[in-house]
Each structure stands twice: as C-alpha cells, then as structure tokens.
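Enquirer: coordinates for the following, if possible.
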Amino acid sequence: MAALLFSALAHSEGLLVVAHPEVPVSSISMDDMMAIYLIQKSAWNNGQPVVPVNREANSSIREAFSQRLFNRSPRELADYWNRLRFQGKLPPLVQTSDQAVVGFVRSVPGAIGYISAHEAPTGVKVLARLP
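Expert: Below you'll find the model as predicted:
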C-alpha cells in the first residue's frame, strides 16, 4: 500500500533531474537526457565524462522516468543496455533511494541522476523538472 501511495506521489509531483554542481550546464533538454541515458552522449561540453545514475529496476521513480523520457518500461530499457554490454558499454549506475542518488551525484564529478520532485536536494544542481 505504501509503495502505491509513493508511486502516486512520484507521478503527481514529477521528477527532478539533478547533476553535480560543477557540470557545465544550467539546464538540459529531453534530447540530451535521452542521449545520456542511452549511452550515446558520454561527455559534457567541456570534455568531462558524463556519469548517469538510475534508480533500481523496480523503483516507481525509475518507472516514471523511463515512461516520461523514453515512453518505455525499465524492462525494455534493460534489454537495450544488455545489448550495449556486448559493445563494451556499461549501463547507468544504480542507486537505491533518492538520497543515495543525491549523495552520489553530489560527490561524483560529471554525475547526473533523477529523483522525486518532493525531495529537496542540497549540494546538487537541478537541471530540469519532468512533469
């Protein structure tokens, strides 16, 4: 029951896309986010590596992000990332809570992730709000 309530909150309040405070952009387009999470864009415009972070596969936050950005389920995207492994590319790293995403993004240069919009992130740069 709590998971359903949390999922409903995540869907109604939206998501925040957060990045390390020193990434060289102040906002991000849907196209750039798609390229980052599809492992097609591997560096910021200053050459710094992009380090994308996902929530765990069964997370309602990840489900919302996958649907809003790609119009696909996390399972469909996992299949895509599994195919990329054969090309020597790694999928986004995984963190198990909004707090873990914020902590990781805050401490890893070039990192980008997403969290529920009801969180009040500190020490990171908010690049976008997804409805």
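Enquirer: who's the residue most central in space within the chain bridged to?
Expert: With distances taken as CA atoms, centre = their mean, Gly113 lies nearest the centre of the chain, 3.4 Å away. Gly113 has these beta-bridge partners by DSSP bridges: Val18.
Enquirer: could we number from 360 for the rest of this?
Expert: Sure, I'll start counting at 360 from here, so that last one is Gly472.
Enquirer: which residues touch it?
Expert: Val376, Val377, Ala378, Pro411, Val412, Asn413, Gln454, Val460, Val461, Phe463, Val464 (CB atoms under 8 Å, 6 or more residues apart in numbering). C-beta coordinates here come from the backbone N, C-alpha and C atoms, glycine included.
Enquirer: confidence-wise, which of those comes last?
Expert: Lowest pLDDT of the contacts of Gly472: Asn413, 94.
Enquirer: what about it, how many neighbours?
Expert: Neighbourhood size, Asn413 [other CB atoms under 10 Å]: 23.
Enquirer: Three-state assignment for it, please.
Expert: strand (DSSP: H, G, I helix; E, B strand; the rest coil).
Enquirer: all strands of this protein, in order?
Expert: Using DSSP state E, the strands of the chain run over residues 374-378, 410-414, 452-454, 470-475, 484-489.
Enquirer: how about the CA coordinates for the second one, as PDB?
Expert: Looking back up the chat, that one is strand 410-414. C-alpha atoms of strand 410-414 as PDB (Å, rounded to 0.1, in the frame of the first residue of the first chain):
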ATOM      1  CA  VAL A 410      28.100   9.600 -15.200                       C
ATOM      2  CA  PRO A 411      24.400   8.700 -15.500                       C
ATOM      3  CA  VAL A 412      22.700   7.200 -12.400                       C
ATOM      4  CA  ASN A 413      19.500   5.200 -12.400                       C
ATOM      5  CA  ARG A 414      17.200   4.100  -9.600                       C
END
